[in-house]
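Asks: fold the following.
(chains A, B, C and D)
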Protein chains: 4
Amino acid sequence: MTTTVPPRYEIAHLAHAELLTPDLEGSLWFFTELLGMRITARHEDSIYLRCYEDPYHHSLKLTAADHAGLGLLGWRTTSADALERRAAALDAEGLGNGWTTGDIGVGRTFAFRSPDGHAMELVWDVEKYSAPTELRSPILTRRSKRPLQGMPPRRLDHVNLMASDVTAQKEVFERTLGFGTRERVIDAANGDTEIGVWLSVNNLGHEMAVMLDQTGSRGRLHHLAFWYGVPQHNTDAAELCREYGIQIEAGPDVHGITQGAFLYVFEPGGNRIELFGNSGILQFEPDHEMVTWDISDFDTGLAIGGATLPAETYFVYGTPANAGQEKLLAPSVLR
Amino acid sequence: MTTTVPPRYEIAHLAHAELLTPDLEGSLWFFTELLGMRITARHEDSIYLRCYEDPYHHSLKLTAADHAGLGLLGWRTTSADALERRAAALDAEGLGNGWTTGDIGVGRTFAFRSPDGHAMELVWDVEKYSAPTELRSPILTRRSKRPLQGMPPRRLDHVNLMASDVTAQKEVFERTLGFGTRERVIDAANGDTEIGVWLSVNNLGHEMAVMLDQTGSRGRLHHLAFWYGVPQHNTDAAELCREYGIQIEAGPDVHGITQGAFLYVFEPGGNRIELFGNSGILQFEPDHEMVTWDISDFDTGLAIGGATLPAETYFVYGTPANAGQEKLLAPSVLR
Amino acid sequence: MTTTVPPRYEIAHLAHAELLTPDLEGSLWFFTELLGMRITARHEDSIYLRCYEDPYHHSLKLTAADHAGLGLLGWRTTSADALERRAAALDAEGLGNGWTTGDIGVGRTFAFRSPDGHAMELVWDVEKYSAPTELRSPILTRRSKRPLQGMPPRRLDHVNLMASDVTAQKEVFERTLGFGTRERVIDAANGDTEIGVWLSVNNLGHEMAVMLDQTGSRGRLHHLAFWYGVPQHNTDAAELCREYGIQIEAGPDVHGITQGAFLYVFEPGGNRIELFGNSGILQFEPDHEMVTWDISDFDTGLAIGGATLPAETYFVYGTPANAGQEKLLAPSVLR
Amino acid sequence: MTTTVPPRYEIAHLAHAELLTPDLEGSLWFFTELLGMRITARHEDSIYLRCYEDPYHHSLKLTAADHAGLGLLGWRTTSADALERRAAALDAEGLGNGWTTGDIGVGRTFAFRSPDGHAMELVWDVEKYSAPTELRSPILTRRSKRPLQGMPPRRLDHVNLMASDVTAQKEVFERTLGFGTRERVIDAANGDTEIGVWLSVNNLGHEMAVMLDQTGSRGRLHHLAFWYGVPQHNTDAAELCREYGIQIEAGPDVHGITQGAFLYVFEPGGNRIELFGNSGILQFEPDHEMVTWDISDFDTGLAIGGATLPAETYFVYGTPANAGQEKLLAPSVLR
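Replies: Below is the predicted model of the structure:
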């Protein structure tokens, strides 16, 4: 197959993610009772969930495990052909793990891993979600009614990965999957080492971020983010977290990086979840220039308002937690 | 030149628009004092303006004329090659008007017209905006500081055109420029005639809408929209419009169509301007299915809340105004 | 008992209201599922409900009846003595109906009626609400946790009554209970007849409004209002009403009168309910001057944004509905 | 004069405040350009300012001085008689400083001091503000049009004082002026010492707070607060402060105490200013019970979201700054 479609047009978006949790019941409470996500399937130790505007069968799969962490990330391609081409590109980099038969709501996928070891897959065939009559919304672009439960986000938004080598991660995603790097943080005093990068395949300011794991661990998750699109909803969610015992790490505030309205909390399984109260900066320029922040002049990048990102957790805690990191979270969270 | 880049990847976004105004001073007051847009150039009877996050030299050109209306719409392509290919496609349809030498901040363009006669152009070479020191923002993805003046929108968002034949307009834009039709309204009782279509070349729910001109006129503008991305800002803008004598037509409320948070006002020159308080539904599915609304069951499409769109203006008033339509606007607006 | 306490310091606030409903199940669904109010008691044909920041046992009593309407309004005095003094004042006006033994959560009350016949009572002894452990909020001024159900208002805010004679109603409330008239609408072309008045006994812009019943009926309810205090919550509530089949009459928008952020809906029993997204203008001046609007120049009074209040319902529909008014509401609402 | 009017009905509200500033030009820029307050008078080294909904001639007087701090606080009584009675009560406590002839827009006042030495006055005669034609708002309860400049607060809201002895301060204000203590923070491990108290004379959750000055200084100002009433406006103000070099201390977030939506910034003169994005908890119960927080379990009291109040400034910095405290603020602020 010969084609000149540039790689940057081959990945459509982040379609689904699997979170591992040592407290399946607690995690389920958080995602269904407080965030109002709906269950679409259960299978063995896994529960499949969706936000009310997610397009497919599910965006989140919760799987019981002995530790928290990212199970799998699924990226949807822009066509069946794109899937073949991107799979070949990953194989050429030695990152491919071969074809799978998929999952509930997910057809044939191509499995691969990031250089740091994060498990991912590419997929074209997915089950579009079709709501039963009682959940059908009169707002026709809305795949199902806004739930009356909790403070429900509208869709899965992005993922933030910790990695032992940010640049290696970034370059592979640029080269094989066509991600563009929109913003990055460097340590100018230390040879311009890249500390963090924000990548996207579409108009979002980022669909994937990679931040340096200062503990030297590999393949960990920093956070998974769900989208509200309404700044006030982050304030509402923070209030509910406070009242119902969900630990808040930081926010609501707005990052200078990506202009994203953030609220970071720890779900009961220990994974950090971001609630995203706006769409951040949308990038329409086809020839946008990457923005570079220097870690020595970084305050606005972290927060436009007065929020502080706690050094003892934000820059070192990921899942799976390293030995000893459990105590960074309040007891009620890890139970 | 042989390539297989699908047309849907060839147009990046709406880059600039020209509005004609019979009240240049009044229009300028509205855009600079109430909306806080900044002037970047003046030339003859035109004034060039930008929102604080617009990427280029200007997004709006105000030109003195004997009537209101749309002067020109500029679409930026995703590459220099894309410009050539799309120009050829327009020429093949007989819609091309040839190459131009551009404008202030705008390089060589390919001029064309919509089937209904709206003047447009394609451009690749544009002048990226670089703020002078005193306007540089510490938020690095922001092209200039948020103004302290008025209630400033962040960027040009979309355009809504009136047309004598919606389907003809839609099909040309799909075929030649790769627009996708995301939503449409049909009159099922009348042979499924298309009454309105919402088109996009990127993740936005629409960058261009086309609505049937029930007066039978051709080539008119329904509205030009500027983006806040914060729902409260539409409420703030409405309050300022009320206090400073800018006529409000409808809103703030949220359309079911596109899920866009709207506020419609008439700028002093008589053009309808929409202020857009969120990003509406963002569309990431590469194989999204077009949504069809029937005009007989359309209430939610028009507004999710209780707003009504005035039949005496919303569905018939456009610019240039037809004979007699001036009286639809309050005297203070057209002066 | 001799005292010089001015009457304006003798009524504290609106403490509770009873709504009659011909569709108890439907009304209960609306108040508990969509508005997230919690049930505190059931007795015979009545259900007692509270918002999460209401201070007392209940703020709303729903009672099954053959028609919608206001059952009873309860005003709390500022002291036990004030209750005696205000009861005497009402008796002196011939409006007293004598002492009662109260209700669940409500001690001895003095029953009276407005000149138009609205049933009311004064009370000092009320049961303060004390949440059970699992509902106790870490926010100590909050009487119970914010519910995870629906879009919950925080407290009962105010009442709006329709009356056959606005001025008579106003004067009695000023004279006997110390209400101050903050704003009014007059018909200057018609002898300055008062069309509407907004009264308060505290810093709120109004706790009671009285509007002319243009149908000539007596003693009807225009609406009962519950408070969010967050403008976005009105938008959220409108969206839920739209998706779950609750008829929206008007809003969200902001009245010029009282600067109140309104959303009017009809609960399934047929009573109009206002959701109140801010606190409106707060009045701190002890010698504030009453503001007078003329009905001939009234647009801003009705709405600061572009909302219209439907003439076919807003100015004529009240509960109990007059003969024939049932058809003003959508079938699904009155079922 | 014999009367039984309880003291709690004798003070209406906080009417005006004077701030001292060593950088009059910088402070003026902040209040007029960023907060959009309007100048109503200038006299010698003072400039008089008002928010657009403040009822009187001015709510803020900026006076050039060699250090920052609170110049004077003006409380308005509920009547001319109340002024006499409260003056007598203050004299009886030995806190009176005698009658003054007032100021621009302020008639005869009774000067007094708090036990800690904060300069205050009581006033009845004030000049009501009447806007010139071009500033008159069509929203009739609004004393002047919302400015098109900056992010304008609507009125002066409250003051927060630091004191060497919180309890002494509280008791005098309760006894002489009828303030009610709504909330307090105690140090249970240290003999229940009161660390902070929140007092009010009306339905606001507080009009005056007093917090322990941990440096042992006397008579300092913690902050003066201006009210938006819209949560989003705090986010907007934070963004403008960030972009225009105004130092943010903390927020936007919401205190558990008072449920106030806060943003703390330092105006260029060095005074801490709070912008208040909602009305907090409104208190209507005439017999409300004081709420007590223990400093050992205080997190929710400080912030419902994830904000932290910086220990190095929030609990020790006040104005006038103690020796050495200037360095707590960024250089650009104190210049």
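Asks: so which residues on chain A come close to chain D?
Replies: Contact residues (C-beta under 8 Å from any C-beta of the partner chain) of chain A with chain D: A:231-232, A:235, A:238-239, A:242, A:248-254, A:263-264, A:300, A:304-308. Any C-beta I mention is one placed from the backbone N, CA and C, and that applies to glycine too.
Asks: now, which of the residues you listed lie within strands?
Replies: A:248-254, A:263-264 (DSSP state E).
Asks: possible to save the residues you listed as a markdown table with distance to A:Arg175 and neighbour count?
Replies: Converted to a markdown table, those look like this (distance: C-beta to C-beta, whole Å; neighbours: other C-beta atoms under 10 Å in any protein chain shown):
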| residue | distance to A:Arg175 | neighbour count |
| --- | --- | --- |
| A:Ile248 | 38 | 22 |
| A:Glu249 | 33 | 21 |
| A:Ala250 | 33 | 23 |
| A:Gly251 | 33 | 28 |
| A:Pro252 | 36 | 31 |
| A:Asp253 | 34 | 28 |
| A:Val254 | 32 | 27 |
| A:Leu263 | 33 | 27 |
| A:Tyr264 | 31 | 26 |
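Asks: who does the nearest residue to A:Asp54 once chain neighbours are set aside form a beta bridge with?
Replies: Ranked by C-beta to C-beta, 6 or more residues apart in numbering or on different chains and with sequence neighbours excluded, the top spatial neighbour of A:Asp54 is A:Arg155, at 4.8 Å. The partner list for A:Arg155 in beta bridges (DSSP bridges) reads A:Trp227.
Asks: low-confidence ranges in the stretch 1-150 of chain A?
Replies: Low-confidence segments of the stretch 1-150 of chain A (pLDDT under 70): A:1-3.
Asks: so where do the strands sit in it?
Replies: In the stretch 1-150 of chain A, the strands defined using DSSP state E, counting those that start in this stretch lie at A:11-21, A:38-43, A:46-50, A:60-64, A:69-77, A:96-100, A:109-113, A:119-123.
Asks: wondering if the second one reaches chain C at all.
Replies: The reference is to strand A:38-43. No - figure legend: strand A:38-43 not in contact with chain C (C-beta under 8 Å from any C-beta); closest approach 14.1 Å.
Asks: for chain A, which residue gets nearest to chain C?
Replies: Closest contact between chain A and chain C, by C-beta to the nearest C-beta, is at A:Gln232 (3.8 Å).
Asks: list the contacts of that residue.
Replies: A:277, B:231-232, C:230, C:232-233, D:231-232 (C-beta atoms under 8 Å, 6 or more residues apart in numbering or on different chains).
Asks: mind picking the two most distant members of those?
Replies: Farthest-apart pair in the contacts of A:Gln232 is A:Gly277 and C:His233; separation 14.6 Å (C-beta to C-beta).
Asks: for the stretch 201-335 of chain A, what spans make up the helices?
Replies: A:231-243, A:299-302, A:331-334 (DSSP state H, counting those that start in this stretch).
Asks: so which of the ones you listed is the most packed in?
Replies: Among these, ranked by average contacts under mean count of other C-beta atoms under 10 Å in any protein chain shown, first place goes to helix A:231-243 (a mean of 25).
Asks: CA atoms only for it, dumped as PDB, please.
Replies: C-alpha atoms of helix A:231-243 as PDB (Å, rounded to 0.1, in the frame of the first residue of the first chain):
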ATOM      1  CA  PRO A 231     -15.000  25.500  34.900                       C
ATOM      2  CA  GLN A 232     -17.600  25.600  37.700                       C
ATOM      3  CA  HIS A 233     -17.900  21.800  37.500                       C
ATOM      4  CA  ASN A 234     -14.400  21.400  38.800                       C
ATOM      5  CA  THR A 235     -15.400  23.500  41.900                       C
ATOM      6  CA  ASP A 236     -18.500  21.400  42.300                       C
ATOM      7  CA  ALA A 237     -16.500  18.200  42.000                       C
ATOM      8  CA  ALA A 238     -13.900  19.400  44.600                       C
ATOM      9  CA  GLU A 239     -16.800  20.200  47.000                       C
ATOM     10  CA  LEU A 240     -18.200  16.700  46.600                       C
ATOM     11  CA  CYS A 241     -14.700  15.100  47.000                       C
ATOM     12  CA  ARG A 242     -14.200  17.100  50.200                       C
ATOM     13  CA  GLU A 243     -17.600  16.100  51.600                       C
END
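Asks: specify the local secondary structure of the residue nearest in space to the middle of chain A.
Replies: Per C-alpha atoms, centre = their mean, the C-alpha nearest to the average position across chain A is that of A:Val159, at 1.9 Å. Following DSSP: H, G, I helix; E, B strand; the rest coil, A:Val159 is assigned to strand.
Asks: pretty sure it is touching A:His206, no?
Replies: No - with contact defined as C-beta atoms under 8 Å, A:Val159 does not count as touching A:His206 (9.3 Å).
Asks: could you give the separation of stretch A:116-123 from the chain centroid?
Replies: Chain-centre distance of stretch A:116-123: 13 Å, with C-alpha atoms, centre = their mean, to the nearest Å.
Asks: return the alpha-carbon coordinates of that stretch using CSV.
Replies: Output of stretch A:116-123 as CSV, limited to C-alpha atoms (Å, rounded to 0.1, in the frame of the first residue of the first chain):
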residue,chain,number,x,y,z
ASP,A,116,9.1,3.1,29.0
GLY,A,117,6.8,0.1,29.0
HIS,A,118,3.3,1.5,29.1
ALA,A,119,0.9,-1.0,27.5
MET,A,120,-1.1,0.5,24.6
GLU,A,121,-3.0,-0.6,21.6
LEU,A,122,-4.3,0.8,18.3
VAL,A,123,-7.8,0.0,17.2
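Asks: any residue of it touching chain B?
Replies: No - judged by C-beta under 8 Å from any C-beta, stretch A:116-123 stays clear of chain B, getting no closer than 11.8 Å.
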